[in-house]
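Peer 1: Just need the structure, nothing else, for what follows:
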Amino acid sequence: MRVSMQVVRWRGAVIVPLALLMAPAQAQVALAISLRPPSFARFGDQVALTVTVRDLQGQPMALEDVTLTRTDTGGVTTGGTDAEGRARFTVRHDRDGVTSYEYTVRCRDTERTVSVPVVAPTPPEAPGPDPRESATAFLLTAPGTEPPAEVLADPALLDAIRQGLTALGESLRATGLFRAALTGSAWGLFVDGEGRRLGLAEAGLVEEIPGGVFVRTVEAQWFHLPADAQYQLTIEGRGAGFATLTLIAPDPAGLALQRFEDIPLDLGSRASASISGCNAHAVLTAAGLVPPAVAGVIDLSSPAWTGAGQVPEAPPPAVPADLPAEMQPVPLAEDSVLERALFCTGEDAQGELIDVGTVFPVGTRQVGLHLRIHQAPPGTELHLTWMHEGDVLHRQLIETEGTGRTLTYLRAVNHPQLWEGNYAVIIKQGERHIGTLNFAVR
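Peer 2: Numbers count the residues shown, from 1 in each chain. Here you go, the predicted structure:
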């Protein structure tokens, strides 16, 4: 098995290597286009579209202008290729009732047409409740922070909700975000301390807050925002009725939950809330203050979630005592630019990490390393050395500055899966060793 990695040049954004679908060679250049994910599932979903430009001898072409034209609107976006010949674009599902989006990619005199379909999410193959859907329903509707009687009476549903809430908490901790959900006939717009916005306004969708993500689903409008900032939220009524605001943040025991119910609204009326530390004291409306109907911590370690007298089983240790000296774990240096580093198997369309942990089952094809970077000076270099059972698999350079996050992968190449055994990633900031992280496949 060979493991292939790429040099990542990052400026405060998540960069994920993508598999390429090669296009036939054409007149002056050959264009290869990849999509990740390959389709839209819900309104607001994004797809990363990567164009690789090569000459007729198959060599990547840097500093080439690439244009992406959306067929239905005629909107044109221009990008440039990097040293590997890649130009990256992001496209969005932003029209109701559309079954696919058509785009034309052009570089020099060569054009390619690409279609991004809208495909309904595939239901889970295994019987039983889906953890993510069950957890979402609980967060939006539960009367408190503990499971209600009907959930306690259904062990399968209780376990699904617990799994979904646990995964959400791990993802929020890894990314440094909190979530807000708004239901009802209303628009939500968050504004941070520098006047940058995220949400819906008269002009349409606004996404100005770095690291912020807006997703609209059947259930709610979802806002993903950096947790270490203060915000002013404006809720604008789109009709007569009531809205509900839910705030979800990571907590050492599980998840902190606040829900403001029965926020009265009319067409054009507004309500507001000041949010600091992922919390709000009340929602201000024309009729007065609306206090939280639910406020507390969902303690996923308590008997209500684990069963009376039961203690969750600890995962098997990922680091055996007989590791080679160079693979022994070293905690991240507190004064380094890395605030957090987690292993996972990927991320979903909403940017949430999947299968966060340190032990992965046999058959795993890839393991990702998610890094949260804080106030990196310009020109900061992170050197990663990936090892397996004492052997060096690959060396990688990440150039970074500022605050943000990045996700890079170790993938099996010319082999159906990653080898079994113990792995380590040695991380240096410049010449300084700032940590050694471990995971295992078994």
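
Peer 1: Let me know the next secondary structure element after the helix or strand where residue 368 lies.
Peer 2: According to DSSP states H and E, residue 368 maps onto strand 366-388. Using DSSP H and E, the next helix or strand after strand 366-388 towards the C-terminus is strand 391-411.

Peer 1: Go through that next one and flag the buried ones.
Peer 2: Buried residues in strand 391-411, defined by neighbour count with 16 or more other Cβ atoms under 10 Å: 393-394, 396, 398, 400-411. The C-beta positions use only the backbone N, C-alpha and C, and glycine is treated the same way.

Peer 1: and which of these is nearest residue 347?
Peer 2: Nearest to residue 347 among these, counting by Cβ to Cβ, is residue 407 at 6.4 Å.

Peer 1: if I look at the closest one, how far off is residue 74?
Peer 2: 33 Å (Cβ to Cβ, to the nearest Å).

Peer 1: do the same with residue 221
Peer 2: 28 Å.

Peer 1: Give me the more crowded residue out of the two.
Peer 2: Set residue 221 next to residue 74 and count neighbours by other Cβ atoms under 10 Å: residue 221 wins out with 20 against 7.

Peer 1: which residues touch the closest residue to that one other than its chain neighbours?
Peer 2: Leaving aside its sequence neighbours, residue 221 sits nearest to residue 182 (Cβ to Cβ, 6 or more residues apart in numbering; 4.6 Å). Contact analysis of residue 182 by Cβ atoms under 8 Å, 6 or more residues apart in numbering lists 188, 220-221, 223, 235, 243-246.

Peer 1: Let me see the ranges of the helices in the stretch 1-150 of the chain.
Peer 2: 131-141, 149-152 (DSSP state H, counting those that start in this stretch).

Peer 1: How about the stretch 251-400 of the chain?
Peer 2: Under DSSP H, counting those that start in this stretch, the stretch 251-400 of the chain gives helices at 303-306.

Peer 1: How about residues contacting stretch 48-56?
Peer 2: Residues contacting stretch 48-56 (Cβ under 8 Å, 6+ apart): 16, 18, 20, 25, 28-36, 60-61, 64, 66, 68, 79, 81, 84-91, 103, 105, 107, 114, 116.

Peer 1: Using neighbour counts, trim the residues you listed to the buried set.
Peer 2: By 16+ other Cβ under 10 Å, these give 18, 29-35, 61, 64, 66, 68, 79, 81, 85-89, 91, 103, 105, 107, 114, 116 as buried.

Peer 1: Counting only strands, which of these make the cut?
Peer 2: In strands, defined here by DSSP state E, the members of the buried ones among the contacts of stretch 48-56 are 30-35, 66, 68, 79, 86-89, 91, 103, 105, 107, 114, 116.

Peer 1: how far away is the residue positioned nearest the centre of the chain from residue 287?
Peer 2: Nearest residue to the geometric centre of the chain (Cα atoms, centre = their mean): residue 351, 1.5 Å. Computed as Cβ to Cβ, the residue 351 to residue 287 distance reads 36 Å.

Peer 1: Equivalent analysis for residue 61, please.
Peer 2: 62 Å.

Peer 1: before we move on, what about residue 393?
Peer 2: 62 Å.

Peer 1: next one: residue 145
Peer 2: 27 Å.

Peer 1: Could you give the bridge partners of the residue nearest to residue 206 when sequence neighbours are not counted?
Peer 2: In space, residue 206 comes closest to residue 197 once its chain neighbours are excluded; the distance is 4.5 Å by Cβ to Cβ, 6+ apart. Beta-bridge pairing for residue 197 (DSSP bridges): residue 191.

Peer 1: Next, the contact list for residue 197, please.
Peer 2: Here residue 197 is in contact with 189-191, 206, 208-209 (Cβ under 8 Å, 6+ apart).

Peer 1: what does stretch 371-387 rub up against?
Peer 2: Under Cβ under 8 Å, 6+ apart, the answer for stretch 371-387 is 3, 5, 174-176, 326-327, 337-341, 369, 392-408, 410, 423-430.

Peer 1: again, only this time at 7 Å
Peer 2: Where contact means Cβ atoms under 7 Å, 6 or more residues apart in numbering, the residues beyond stretch 371-387 that reach it are 3, 176, 327, 337-341, 392-406, 410, 423-430.

Peer 1: pretty sure the residue nearest to the centre of the chain contacts residue 213?
Peer 2: Yes. Using Cβ atoms under 7 Å, residue 351 is in contact with residue 213, at 5.8 Å.

Peer 1: intersection of neighbour lists for the two?
Peer 2: What both residue 351 and residue 213 touch, as defined by Cβ under 7 Å, 6+ apart, is the set residue 224.

Peer 1: Poorly predicted segments of the stretch 51-200 of the chain, please.
Peer 2: Within the stretch 51-200 of the chain, the ranges that satisfy pLDDT under 70 run 121-127.

Peer 1: Need the winner for burial among the helices of the stretch 1-150 of the chain.
Peer 2: helix 131-141 (a mean of 19; mean count of other Cβ atoms under 10 Å).

Peer 1: My reading is that residue 418 is in a helix; is that accurate?
Peer 2: No. Assessed with DSSP: H, G, I helix; E, B strand; the rest coil, residue 418 is coil; it does not lie in a helix.
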